[in-house]
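Engineer: Provided below for reference: sequence and predicted model.
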Amino acid sequence: MPVLWLILVVIALGVAGYLLGRGRALGSAGGDLRRLHSLPSYYGANAFLWTVVPALLLLAAWLLAQPLVIDNRVSGLIPDEIIEEGSSRSLVMSDVRRVAEGLDLAVKEGALSAEEAGALTTEDTDIRALLGEVGVALGAEVRPEVLNAAQRYRALGNTGRWTMTGLVLALSLGGLGFAWSRSDKDFRARNTVESSVKALLILASTIAILTTLGIVLSLIFNTVEFFRLYPALDFFTGLTWSPSFGGGSELGILPLLWGTLYISLIALLVAVPIGLFAAIYLSEYATPHVRAIAKPMLEVLAGIPTIVYGLFALLTVGPLLVSVFGQGGLLGVGWMQGGTAVMTAGLVMGVMLIPFVSSLSDDIINAVPQAMRDGSLGLGATKSETVKQVVLPAALPGIVGAILLAASRAIGETMIVVLGAGAAAKLSLNPFEAMTTVTAKIVSQLTGDADFASPEALVAFALGMTLFVITLGLNVFALYIVRKYREQYE
Amino acid sequence: MTDLSANQPRSGGSLYTTDARTRRRNAAEKRFRLYGMIAVGIGVAFVVTLLSVILVNGSRGFQQSFITLPVYLDPAKLDKKGERKLEDIKKVSTFGYSPLIDDALAKMLAEREIDGVFEKPKEYRALLSASAAAQVRDSVLADPGLIGETVEFRLLASSRVDGYLKGRVTRESIARDKNISVEHLDLADAMRAAGILEKSFNWGFITGADASESRPEQAGMGVSMLGSLFMMLVVLGLSLPIGVAASIYLEEFAPKNRFTDLIEVNISNLAAVPSIVFGILGLAVFIQFAHLPQSAPLVGGLVLTLMTLPTIIISTRAALKAVPPSIRDAALGVGASKMQSVFHHVLPLAMPGILTGTIIGLAQALGETAPLLLIGMVGYIASNYPDGIASGFLDPNSAMPAQIYEWAKRADPAYYERAWGGIIILLLFLMTMNIIAILLRRRFERRW
């Protein structure tokens, strides 16, 4: 791994810079620490930073830019006529890349010498078989144009890598020299080092912004791409969801949204009463002893991964519900055909959300000032009357916020619905029928061997965009309510 | 004194006898209290049910049935030239080994006088796992000197026989099963009585790799555990430094302006973005745009890093906030710079809190499945051990929760058993991490 080695060399240079810078600064002060502006280690750190940071920045920028530049120049080599019907330039380019990588691998494994690899022609050798031997499978025979482009790709890549190594090392050494020449007893090394450390801290905190930006951009670009292939109006108002990778699929989001909302509704119907009553009991009635046991017990539910709930829904709750509501079940009603259903996923998701509702409401109920309870009790109200008529109304905005947060959690939940809700997109009112959700369809459209350029795969990004907007809206609204409420008592 | 009489209670009873209204209010009070107790009870009951379902179903995954069988490694079949050259021996595929095993099984059953059920030795094959031939072949390839000798092997029983021993498969349930017949089960009973077939602890499940759909008895969690480990290394290596750096900036240095507000809003929103959206981000940015290898633990780690960063930042900021300002003032007072006061005094004091938050964030990342599905960490990819550190990060692999999902999808009760077993392993890891976090907090937490 040449890049890894390059990084290690740069860091080694940095360590050398540390020692040199520190030594020179100490030397200029005649070994007397008191005459230095900063502690000796700051001179060392200054030299280290100058040696390492610019070089690594250049390395990162080069690694990002090189493939783009090379792709651009190589794709010009491919004549338009060899791009087949139904294929595209980017597909041919990925062939070129595979051939180039395969040749590199063949050279590395000793199947070819470097000169042989450079002199290959499609007439003399069966390149597909050759690459198959080193484990690179190609879909079709290699055409001369593709081979030519691949050779060019390799050559450019090689030059690029050598230039990069040279430049990075030169920059590193230059930085070292510069910092070394500045290491003097009067140089304000600490201030320089501290401001670069601060710059690093700022950089780290902007990652949150970059992540959001990455999410939004990747969703928007692919969604726009999708809407170019499939009309947006049909997507948002379509009542049928029947993707078929052969083409002619109907991709209406409404059945998926309905499934999502229905399952979330059932989950909230389970989680909100149980969670809220548990929170009231634990904060108003329970002895400290009971609270110390029951609260962590409930929070265990929050720490269990969702895949566990998914399996629980699929293998335990589903069959149980079928044995009650299914054909020949306990009630003999025959409402349920299979184990996967809205009810299965909703119930299990409700269990998952109980600790979420209860611990948030617990915090909010505890934030209601004791004086308000004392006032109500002093007027002769019972405890439950106090809770119902004083504490809950005061805590209401916070509790609504907690419920909204739980709803956003339910809408974005994936594994429970993938395993427990079924795969059929339906618009139905029967909670014992299998339905599917936005998240489950994102998974099913993006896993598998689908072509990323087809509308059937790209629709997942549009679904993701919808999901992101809904959950973000719910969160912002919930946080707004919670914040507004908190200000009243602080 | 009309005023006094006006203040008299309307009902003239004593305070010691409760009137109807008070009784009603007290009953309402009791009911309300009962509702609360029921709610807590239901919650706790769910916890207990969930955990016991996992334990009951999963413990079976740690048991496996083995058949101890002496196999005569016939040189006439395995090495026709008799030169014991590895290339010649390698030419014999597992199909060449199967008859040897069939014969050995038939011979042994004849010795114990429990044979005669089937005419052809081949029909005994349903008792053994399809992996048996490969197991014998591997040990011959490892030591060609074994050829010509009779070697005792401990072979996996087939998943149906294994299920029969565990009670998952019954005589009724195999009525329409083409792979096994009631005679096989009778034979299994006899073999068990003779001590040839036995159940024992299944190390292969903990250390092994994923297997194909038809041989659940061979599948294990080992490789996907390594995948999870490499992912967690990436998450720890990136999210701890970045998270701590970001929190230090926001908590100690950041001026109150639009830029820092933007960062704060972003962090609190990212904490609530559904995990699947992070999977979409990983797919679009790391795989489609940056051309990083698909299904690699490195990419999985990057996605999970972005997902856990908000958690780590929020808990780190709380830990930094808990260090009293007097510490900072004292450091500044003796001449430290702002940066020195933070890195030399505040950060070490906040470290236990930061580590606790990091471990909890890691535990959350370890159990996350949805984003991994999108970047391709599913399927049969966890079937080979990585060759080294680099291939551990870059070669396709799965992760524990994704492996469990894969097994759950295979719609085979034998794989469901494995999935539950996998959950036990996953929960053991999560529990250990949480206990470490709690101990850290107990041991180092300071009240200022």
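Structural biologist: Good, I have the coordinates. Numbers count the residues shown, from 1 in each chain, chains lettered A, B, ... in the order given.
Engineer: so who does A:Ala395 touch?
Structural biologist: A:Ser361, A:Ile364, A:Ile365, A:Ala367, A:Val368, A:Tyr485 (CB atoms under 8 Å, 6 or more residues apart in numbering or on different chains). Bear in mind the C-beta positions are built from the backbone N, C-alpha and C, glycine included.
Engineer: how close does the fifth one get to A:Thr386?
Structural biologist: Spelled out, that is A:Val368. Distance, A:Val368 to A:Thr386, using CB to CB, to the nearest Å: 10 Å.
Engineer: what number of residues lie near the residue lying closest to B:Ala134 once chain neighbours are set aside?
Structural biologist: Nearest residue to B:Ala134 in three dimensions, chain neighbours excluded: B:Thr94, at 5.1 Å (CB to CB, 6 or more residues apart in numbering or on different chains). Neighbour count for B:Thr94, taken as other CB atoms under 10 Å in any protein chain shown: 16.
Engineer: so who does B:Thr94 touch?
Structural biologist: If you count contacts by CB under 8 Å, 6+ apart, then B:Thr94 has B:Ala133, B:Ala134, B:Arg137 around it.
Engineer: so who does the first one touch?
Structural biologist: What that stands for is B:Ala133. B:Ala133 makes contact with B:Thr94, B:Phe95, B:Tyr97, B:Ser98, B:Ile101 under the criterion CB under 8 Å, 6+ apart.
Engineer: so which strand or helix has it?
Structural biologist: Using DSSP states H and E, B:Ala133 sits within helix B:132-142.
Engineer: that helix - what's its average pLDDT?
Structural biologist: Averaged across helix B:132-142, pLDDT comes to 84.
Engineer: can you give me how far it is from the chain middle?
Structural biologist: 30 Å (CA atoms, centre = their mean, to the nearest Å).
Engineer: could you list the buried residues of that helix?
Structural biologist: Applying a neighbour-count criterion of 16 or more other CB atoms under 10 Å in any protein chain shown, the buried positions in helix B:132-142 are B:Ala132, B:Ala133, B:Ala134, B:Gln135, B:Val136, B:Arg137, B:Val140.
Engineer: would you agree the fourth one is in contact with B:Phe153?
Structural biologist: Yes. Applying CB atoms under 8 Å as the test, B:Gln135 and B:Phe153 come out as touching, 6.8 Å apart.
Engineer: what segments of the stretch 51-200 of chain B are helices?
Structural biologist: Listed in chain order, the helices of the stretch 51-200 of chain B (DSSP state H, counting those that start in this stretch) span residues B:75-78, B:86-91, B:94-111, B:132-142, B:159-166, B:182-194.
Engineer: could you break the chain into its assigned domains?
Structural biologist: In the absence of a named chain, this looks at chain A. Here chain A is described, according to automatic domain parsing, as comprising the domains A:2-189, A:241-486.
Engineer: oops, wrong one, chain B.
Structural biologist: Segmentation of chain B into domains, based on automatic domain parsing, reads B:64-200, B:222-444.
Engineer: out of the ones you listed, which is closest to A:Leu265?
Structural biologist: Minimum separation from A:Leu265 across the domains of chain B (CB to CB) falls at domain B:222-444, 17.4 Å.
Engineer: got a pLDDT number for A:Tyr262?
Structural biologist: Per-residue confidence at A:Tyr262 stands at 94 (pLDDT).
Engineer: ignore what I typed, I meant A:Ser88.
Structural biologist: 66.
Engineer: again with A:Pro67
Structural biologist: Per-residue confidence for A:Pro67 comes out at a pLDDT of 79.
Engineer: look at it and tell me its secondary structure.
Structural biologist: Under DSSP: H, G, I helix; E, B strand; the rest coil, the three-state class of A:Pro67 is helix.
Engineer: that one: what's it in contact with?
Structural biologist: Going by CB under 8 Å, 6+ apart, A:Pro67 touches B:His291.
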